[in-house]
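Asks: show me the folded form of this:
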Amino acid sequence: MQESLQSAWQNFYVIIGSASATLIGLMFVVMTLLASRRMRQKSEEAIGAFGTPTVVHLCAGLLVALILTAPWPALWQAALLLNCGGLAGVIYMLIVIRRAQRQRHYQPVLEDWVWHVIFPTLAYISFLGAGLALPNYARPALFVIGAAAVLMLLIGIHNAWDTITYLIFNEDILDKERRNEKDRES
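Replies: Numbers count the residues shown, from 1 in each chain. The predicted structure follows:
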């Protein structure tokens, strides 16, 4: 990567990468709390549709930070990895959409579709588009990549918080569902 462009963005991506890694750790704590509640199969479907993608999006932000802080000799090398990651992200979002539609534990509302589907898809498309532009239009492409990385971080923050508050405020409902299931088994 061109030395001046790389050094200009170094601190930005250190911050993005560190924050993403921290939130990935938080999501592990959230998933541990879910596991301790012995959630039913339906809940596992919801985790696959909403929890796992949040970790993947945070990992994507971390990966972009790692790619853009590496000392590449040429921009096309970083661009190639960004293109692969962006394309993989778009394909993954098709899987997430299918999972969200198939799970029956939680009925997504507009906010869920925006934060769990629309924003991540836009970020992955931005990585792909900016990766294509990076070798010839480095400055604007780096701003698009930076904006998409920040969006991934904000998605992670929002979705992690959303998961935690859902668990806290729906604990009674989840306990009642477990009791009803035990009664049916008896």
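
Asks: and Trp72, which of the three is it?
Replies: With DSSP: H, G, I helix; E, B strand; the rest coil as the basis, Trp72 sits in coil.

Asks: how many other residues sit next to it?
Replies: 17 (other C-beta atoms under 10 Å). Yep, even glycine has a C-beta here, placed from its N, CA and C like the rest.

Asks: just checking, it touches Leu80?
Replies: No: applying C-beta atoms under 8 Å as the test, Trp72 and Leu80 come out as separate, 9.8 Å apart.

Asks: could you pull out the strands for the protein?
Replies: Assigned by DSSP state E, the strands in the chain number zero.

Asks: point to the helix or strand of it where mean pLDDT is at its lowest.
Replies: helix 41-46 (a mean of 60; mean pLDDT, DSSP states H and E).

Asks: quick check, central residue of this structure?
Replies: His57 (1.8 Å; C-alpha atoms, centre = their mean).

Asks: name all residues that make contact with that one.
Replies: Going by C-beta atoms under 8 Å, 6 or more residues apart in numbering, His57 touches 120, 123, 152, 155-156, 159.

Asks: separation between it and Ala138?
Replies: In this view, His57 and Ala138 are 25 Å apart by C-beta to C-beta, to the nearest Å.

Asks: local confidence estimate at Val144?
Replies: Val144 carries a pLDDT score of 96 in this model.

Asks: the nearest residue to it once chain neighbours are set aside: what's it in contact with?
Replies: Of all residues not flanking Val144 in the chain, Ala130 sits nearest, at 4.0 Å (C-beta to C-beta, 6 or more residues apart in numbering). For Ala130, the contact set (C-beta under 8 Å, 6+ apart) comprises 82, 141-142, 144-145, 148.

Asks: burial measure for the nearest residue to Ala133 once chain neighbours are set aside, as a count.
Replies: In this structure, Ala133 finds its nearest non-sequential neighbour in Ala141, 4.3 Å apart by C-beta to C-beta, 6+ apart. Using other C-beta under 10 Å, Ala141 has 22 other residues around it.

Asks: could I get the pLDDT score of Ala141?
Replies: For Ala141, pLDDT reads 95.

Asks: same deal with Ala148?
Replies: 96.

Asks: list the contacts of it.
Replies: Ala148 touches 64, 122-124, 126-127, 130, counting by C-beta under 8 Å, 6+ apart.
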